[in-house]
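Asker: give the three-dimensional model of this entry:
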Amino acid sequence: MTKKQMKQVIFMGVGCVILLIAGIIYSLLFNDARWVKNMDMSNYVFSIKDIPMLIVGALIAIYVLYVTVIFFKNAFSKNFKDKNYSRTVSSYWGLCGIFGFLGFSGFWTYFEYGKIYPFVFFIFFGFFFEGKLSHTLEDELFLENKRKAEINAYKVGFKLLFIVIWLMAIGMFSRNVEWCAIFMLISVSLIYALVIFLSNYLLYRYEKGE
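Answerer: Numbers count the residues shown, from 1 in each chain. Okay, here's the model as predicted:
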């Protein structure tokens, strides 16, 4: 993990802790400690006061997914980064995107065992374009294209995340907290995959001038 990535992880982690503490205090003072103390989910009814804790939970989930993907990418790349070159990755690395289809197994595990974690596999859809620019010279034009590609990808991701949060705020799946959790996990996983995919795809397009 690079120093820049380490700083981002620490900064985001501290931010999540601060938001979690603020959310807990808010829930204890103004929301009867809902989502802090044990709750009977079978009788759960959505309340607009639950939104802060739900947003905090979504942000923590995004942070965990971010750290997981960063660790996964660094652990399995052959060369993290040579001087003035992008990291070296096998051209077959993009085939990991196939594992994204394992995310659909989450519906089966949920109905059979009540487990929803397989939905996280949707993140793998983002790796289809990995390796396209392996070991590419990082000149000024490359770095500029990389920044532009990441900014455009993040814009799309944040817009979609806003839509998801807005749907939750108006009470989507409010009568069934389990379906609410499933919807959030699927949405966050797919959005994260899309951001990864667009970052690589747009960079490839900018570099090749297509």
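
Asker: what's downstream of the helix or strand of the chain with the lowest mean pLDDT, the next helix or strand?
Answerer: None of the helices or strands of the chain scores lower by mean pLDDT, DSSP states H and E than helix 51-76, at a mean of 80. Proceeding N to C from helix 51-76, the next assigned helix or strand is helix 105-113, under DSSP states H and E.

Asker: flag every buried residue along that following helix.
Answerer: Residues Gly106, Tyr110 are the ones in helix 105-113 that count as buried (16 or more other C-beta atoms under 10 Å). Bear in mind the C-beta positions are built from the backbone N, C-alpha and C, glycine included.

Asker: packing partners for that helix?
Answerer: Helices and strands touching helix 105-113, by 3 or more C-beta pairs under 8 Å, 6 or more residues apart in numbering; DSSP states H and E, are helix 177-208.

Asker: so what secondary structure elements neighbour the helix it packs on?
Answerer: Secondary-structure packing of helix 177-208 (3+ C-beta pairs under 8 Å, 6+ apart): helix 51-76, helix 105-113, helix 140-169.

Asker: swap in 6 Å and give it another go.
Answerer: Contact here means 3 or more C-beta pairs under 6 Å, 6 or more residues apart in numbering; DSSP states H and E; on that basis helix 177-208 packs against helix 51-76, helix 140-169.

Asker: could those helices go into CSV alongside distance to Tyr110 and mean neighbour count?
Answerer: Below are the helices and strands packed on helix 177-208 laid out as CSV (distance: least, C-beta to C-beta, whole Å; neighbours: other C-beta atoms under 10 Å):
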stretch, distance to Tyr110, mean neighbour count
helix 51-76, 17, 16
helix 140-169, 19, 14
